[in-house]
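K.L.:
Here is my input; please provide its structure:
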Amino acid sequence: MTDAVLPTPATEPSLHTLYRDHRSWLESWLRRRLGNAWDAADLSQDTFLRILASAQPVAQLQEPRAYLVTVGKRLLVNFHQRRSLEQAYLNALARLPEDCVPSPEQRWLLLETLQALDELLDGLPPAVRRAFLWSQLEGLGYREIAERLKVSERTVKRYMAQAYEHCLLVEL
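P.N.:
Alright, predicted model coming up:
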């Protein structure tokens, strides 16, 4: 008896076709923006994984390259934010005395935590984000935050409420 081929979801052949027809084009597009074939290949794969996980029916795409560019641009922004955060972290590490420098494992965990925090706070206005981080990471009170931001304490309270609400909604 021969093994039967299991049926695949209706969107899979469409995703396969989208991947087959546009992956190399997308990688080239990303490579031009990144100047790096390795990162371009990674982001290309991430783009298709996002599409696979999305609710958007691939078969209904009118302009597949425009859709790929939209998803790719979002991933590029995330990539650059992550790199910027990583560079800031490495710069801070370089200023530490040698006996205080964390081990490679600790650095990895800290960087992962920073990236998760960055993703959690993504979408908050810069002032709200700063207020939240100063409060949570530096332990500043609302008065001190208000002075730094040059706003009222009442505004800082609103910022904090907005940040907490954002975090709760992201976690749901």
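K.L.:
Let me see the mean pLDDT of stretch 15-22.
P.N.:
If you average the pLDDT over stretch 15-22, you get 89.
K.L.:
Now do it: everything it contacts.
P.N.:
For stretch 15-22, the external contacting residues (CB atoms under 8 Å, 6 or more residues apart in numbering) are 48, 51, 52, 58, 61, 64, 65, 68. Using the backbone N, CA and C atoms, a C-beta is placed for each residue, glycine as well.
K.L.:
List only buried entries from those.
P.N.:
48, 51, 58, 64, 68 (16 or more other CB atoms under 10 Å).
K.L.:
Just list the residues touching the fourth one, thanks.
P.N.:
Residue 64 sits next to 18, 21, 22 when contact means CB under 8 Å, 6+ apart.
K.L.:
before we move on, the earlier item: so which of the buried ones among the contacts of stretch 15-22 sit within helices?
P.N.:
48, 51, 64, 68 (DSSP state H).
K.L.:
Return the member of the residues you listed nearest to residue 123.
P.N.:
Nearest to residue 123 out of those is residue 51 (CB to CB; 21.2 Å).
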